[in-house]
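Participant: Show me how the following folds:
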Amino acid sequence: MDKEQVIDLILGEKYYSINDLRYNQKIGIMFSKDEFDRFLATKDQLIDEKYKYMKSVPLKTFNSKHCFYVNGLYLLQTQNEYRRILVSDLEINQSWLFARNSEDILISRLFSEVEGTLNIENVPTTHSHIAEINKRDDLTEQNDIIVKNMIDAIRFIVEQKPEFNKENLRKLYGILSKDCLPDELKIKDGAYYRDGKVYIGAFEGADWHIVDECMDSLFAFANDPQSIKDYDDLFPYICHYYILYVHPYFDYNGRTARMVSFWLNYIHKIAFAPYFMSEAINESKKDYYKAITDTRSTNNDLTYFLGYILETSIKYSFVYKNLEEIKKTLSKTGDTLTSSEWVYVKKILVHNPEDYFNHGMFLTYINAKMTRQGALKILNKLHNYEILEKAKNKKGDTIFKLNQDMITYQYHK
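Facilitator: Numbering: from 1, shown residues only. Predicted structure coming up:
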């Protein structure tokens with residue numbers, strides 16, 4: 001495969017995954033390992049030659065020549081579609097989608113960070129529970145401690161608007177990890193980062209001797225005004241990936257990376273910042289980890305990770321817009337749902353907006369331990385509000401799907 005063939009392959013409307021390039025017979029590429037290695041080397045060559053669509057990011061790497069992305073049709077069209085949705089919504093509603101849903105987004109963010117271990121049945125007390133957690137310093141439940149740390153971390157960013165630097169990142173990490181780590185995973189007093197090896201699945205983080213140098217390159221990049229101009233709404237997520245890549249701590253790297261992207265979005269007032277990203281990642285972990293793996297396995301080709309962020313942002317924009325449309329429809333009849341019922345509707349919108357599902361699938365969506373009768377009671381109530389349609393499958397079991405007349409916005413890759 002020559003250089004022109006590589007260019008044709010990477011600049012199209014679809015950006016092929018590693019599995020597509022190597023194993024997907026329908027596409028007809030089917031790279032051998034040697035061919036795939038040459039494909040990656042050709043991309044590096046294009047960067048070295050400063051080919052205009054190859055965007056090299058000035059961050060220190062330890063397993064590749066560059067950290068970069070391909071600014072081809074796939075990324076441009078996905079980014080433009082996401083922006084178009086938000087601008088169109090702003091013109092119609094005269095307010096930003098994120099601002100209108102800020103309370104829901106904040107609460108969802110807090111509870112997404114307990115990695116799905118909170119039972120959804122606790123949702124009706126979410127607001128009061130958070131208020132109670134916020135008042136107390138004698139918490140013993142690990143989930144409550146994680147949520148309190150998240151509240152304190154958000155307060156640290158929002159109230160202090162700290163500069164993104166080495167000292168403040170250490171403070172943030174201290175807040176997020178407070179009372180949550182065993183001694184062997186804690187950062188030593190006076191230290192900023194880990195002092196040993198760390199593995200992320202099949203990958204290894206940066207050698208601990210160069211973590212400081214790598215992170216200094218991140219601070220230099222993040223604090224260069226030109227970075228915001230050059231990368232705009234992609235900028236916080238380049239930094240997000242880089243923390244995952246370097247893995248400066250023994251644990252809590254993912255949580256720190258997610259908070260850093262919020263931090264950079266907030267202090268730089270990035271207009272198109274998807275503030276629901278932590279919640280979205282929690283609901284699409286498989287795709288999130290695949291995007292990280294594909295990026296790491298292709299010499300840090302960020303096109304995969306940034307594409308995931310943009311595609312997920314489009315999907316979640318539609319989720320929140322559809323929730324608003326359902327609320328408007330219910331308001332015409334004076335009907336309202338409880339806070340927990342809105343969570344159930346959102347979960348269905350995220351996981352299965354178009355097709356039929358049964359009670360077992362619903363319990364998977366909401367990550368709840370509940371009886372069949374309990375699940376059917378919830379689903380039948382949503383059916384009574386005409387949010388769900390109901391039918392019988394061939395076995396005679398009751399199945400449900402969202403009333404498509406209420407689903408105004410749908411996203412298909």
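
Participant: C-alpha only now, for contacts and for neighbours.
Facilitator: Will do.

Participant: where in the stretch 151-300 of the chain is pLDDT low?
Facilitator: For the stretch 151-300 of the chain, no stretch is flagged by pLDDT under 70.

Participant: Give me the neighbour count for the nearest residue to Asp216 once chain neighbours are set aside.
Facilitator: Using Cα to Cα, 6 or more residues apart in numbering and skipping residues adjacent in sequence, the residue nearest Asp216 is Lys166, 7.6 Å away. Residues near Lys166, counting by other Cα atoms under 10 Å, number 15.

Participant: measure Lys166 to Tyr173 for me?
Facilitator: Look at Lys166 and Tyr173: by Cα to Cα, to the nearest Å, they are 11 Å apart.

Participant: returning to that earlier point: could you verify my assumption that the residue nearest to Asp216 touches Ala220?
Facilitator: No. Between Lys166 and Ala220 there is no contact under Cα atoms under 8 Å: 10.5 Å.

Participant: Please enumerate the strands of the stretch 251-400 of the chain.
Facilitator: Assigned strands in the stretch 251-400 of the chain, in chain order: 388-392, 398-402 (criterion: DSSP state E, counting those that start in this stretch).

Participant: To clarify, my last question referred to the stretch 1-150 of the chain.
Facilitator: Using DSSP E, counting those that start in this stretch, strands in the stretch 1-150 of the chain cover 54-57, 67-70.

Participant: Distance check, the closest residue to Ile281 other than its chain neighbours against Ser339.
Facilitator: Nearest in space to Ile281, with sequence neighbours left out and distances taken as Cα to Cα, 6+ apart, is Tyr288 at 6.3 Å. According to Cα to Cα, Tyr288 stands 27 Å off from Ser339.

Participant: who's more crowded, those two?
Facilitator: In this view Tyr288 and Ser339 are compared by other Cα under 10 Å, and Tyr288 has more residues nearby, 18 against 14.

Participant: Tell me which residue lies nearest the centroid of the chain.
Facilitator: Ile281 (3.4 Å; Cα atoms, centre = their mean).

Participant: Tell me how far it lies from Tyr316.
Facilitator: The gap separating Ile281 from Tyr316 is 10 Å, by Cα to Cα.

Participant: just checking, what packs against the helix or strand Ile154 falls within?
Facilitator: Using DSSP states H and E, Ile154 sits within helix 142-160. Helices and strands touching helix 142-160, as assessed by 3 or more Cα pairs under 8 Å, 6 or more residues apart in numbering; DSSP states H and E, comprise helix 102-112, helix 126-135, helix 166-177, helix 253-268.

Participant: Phe62 is nearest to which of the ones you listed?
Facilitator: Of all the helices and strands packed on helix 142-160, helix 253-268 sits nearest to Phe62, with 17.7 Å by Cα to Cα.

Participant: And the contacts of the closest one?
Facilitator: Residues outside helix 253-268 that contact it (Cα atoms under 8 Å, 6 or more residues apart in numbering) are 113, 157-158, 161-162, 164, 172-173, 176, 236-237, 239-241, 243-244, 247, 273, 275, 277-278.

Participant: Buried ones among the residues you listed?
Facilitator: 113, 157, 162, 164, 172-173, 176, 236-237, 239-241, 243-244, 247, 273, 275, 277-278 (16 or more other Cα atoms under 10 Å).

Participant: Counting only helices, which of the residues you listed make the cut?
Facilitator: Counting by DSSP state H, those place 157, 172-173, 176, 236-237, 239-241, 243-244, 277-278 in helices.

Participant: Could I get those in TSV, plus columns for distance to Leu185?
Facilitator: Converted to TSV, these look like this (distance: Cα to Cα, whole Å):
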residue	distance to Leu185
Ile157	25
Leu172	16
Tyr173	13
Leu176	14
Pro236	27
Tyr237	26
Cys239	23
His240	21
Tyr241	21
Ile243	17
Leu244	17
Met277	27
Ser278	23
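
Participant: OK, contacts around the residue nearest to Asp216?
Facilitator: Residues in contact with Lys166 (Cα under 8 Å, 6+ apart) are Tyr192, Met215, Asp216, Phe219.

Participant: pretty sure the first one is in a helix, no?
Facilitator: No. Using DSSP: H, G, I helix; E, B strand; the rest coil, the assignment for Tyr192 is coil, not a helix.

Participant: tell me the mean pLDDT over stretch 324-331?
Facilitator: The average pLDDT within stretch 324-331 is 94.

Participant: same deal with stretch 88-95?
Facilitator: On average, stretch 88-95 scores 96.

Participant: Flag every buried residue along that stretch.
Facilitator: By neighbour count on 16+ other Cα under 10 Å, the buried set for stretch 88-95 is Asp89.

Participant: No further questions, thank you.
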